[in-house]
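Participant: Next comes the sequence, and after it the predicted model I'd like to discuss.
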Amino acid sequence: MLGRSRPVEFHPYGRRRGHRRVPRWLLLLVAGIAIGAGSVLWVQERYLPPRLSADASAQLRASFEQADADRLRLKKELDDTAQRLAAALTEKKRLADEALGARQTIDGLRDNVASLVASLPPDPRGGTVQVRAARFATDGGKLVYDVVLSRDRAGARPLAGVMQLVVAGAAKRGSESSVKLKPVAISVGSFENLRGSLPLPDGFEARQATINVLDRPDGKLLGMRVMNLK
């Protein structure tokens, strides 16, 4: 009892509690989150494309908008081109139908002309090419001609040659003479109708025309007929 006295601790709120330990599961959770975040950052830096800056993102967006505008423009141009193509195809079909109708009309007219040619009197001289009919007139110093030729044994290919007109009449001074006019190229199938005009010498008065059908200029005579001018 006479020993050294010890101080007496006074706790007005009761006895002091000991420090709590952090739960182990919380430490594991925090560690897992940290490891996961680090792994994501490592994978992103290691394997994924680099992240874009704000300027790069803005430039990429502008490029995308430009590409989208170009796509819309090209789509409109494609639609316009398709419409023009459809219109062109429609016009082509219309022209083809008209051409077919015109061809049928021409074929019908040719059949009618063939019937008329068959009804004409035969060429009294005969020949490979017959002169079935002819009509001449003068107009302004030119000889206007309308000649119908035919072939009795026409092949699949037309016969090529020339028509040479020799005109007889009075020259400018009144003397009788004849003039050989420029040859006219011809191609005769079963029949051919030649219409046109050829110049006459100045002051020449034509009275008669000789129609010579030749295989070439100054060549073999295939048919001939003499006709008076009316």
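Facilitator: Nice, thanks for sending it over.
Participant: Not counting its neighbours along the chain, what's nearest Asn188?
Facilitator: To be clear, residue 188 is Val; Asn isn't right here. Spatially, and ignoring its direct neighbours in sequence, Val188 is nearest to Leu159 (4.8 Å; CB to CB, 6 or more residues apart in numbering). All C-beta spots, glycine's among them, are computed from the backbone N, C-alpha and C.
Participant: And the one you found, how close does it get to Pro199?
Facilitator: When distance is defined by CB to CB, to the nearest Å, Leu159 is 27 Å away from Pro199.
Participant: quick revisit: burial count for the residue nearest to Val188?
Facilitator: Other residues lying near Leu159 total 18 when counted by other CB atoms under 10 Å.
Participant: what is the rounded mean pLDDT of stretch 163-178?
Facilitator: Across stretch 163-178, pLDDT averages out at 89.
Participant: actually stretch 73-85, sorry about that
Facilitator: Here the average pLDDT along stretch 73-85 is 92.
Participant: those helices in the protein, which residues are they?
Facilitator: 24-46, 54-119 (DSSP state H).
Participant: could the ones you listed be laid out in CSV, adding distance to Thr210?
Facilitator: Shown next, in CSV, are these (distance: least, CB to CB, whole Å):
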stretch, distance to Thr210
helix 24-46, 106
helix 54-119, 21
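Participant: possible to save those as JSON lines with mean neighbour count and distance to Arg153?
Facilitator: Putting the helices of the chain into JSON lines (neighbours: other CB atoms under 10 Å; distance: least, CB to CB, whole Å) gives the following:
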{"stretch": "helix 24-46", "mean neighbour count": "10", "distance to Arg153": "96"}
{"stretch": "helix 54-119", "mean neighbour count": "10", "distance to Arg153": "14"}
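Participant: Which of those helices comes out lowest on mean pLDDT?
Facilitator: helix 24-46 (a mean of 76).
Participant: distance between it and the chain's centre?
Facilitator: Centroid separation for helix 24-46 versus its chain: 69 Å, with CA atoms, centre = their mean, to the nearest Å.
Participant: Cool, thanks, signing off.
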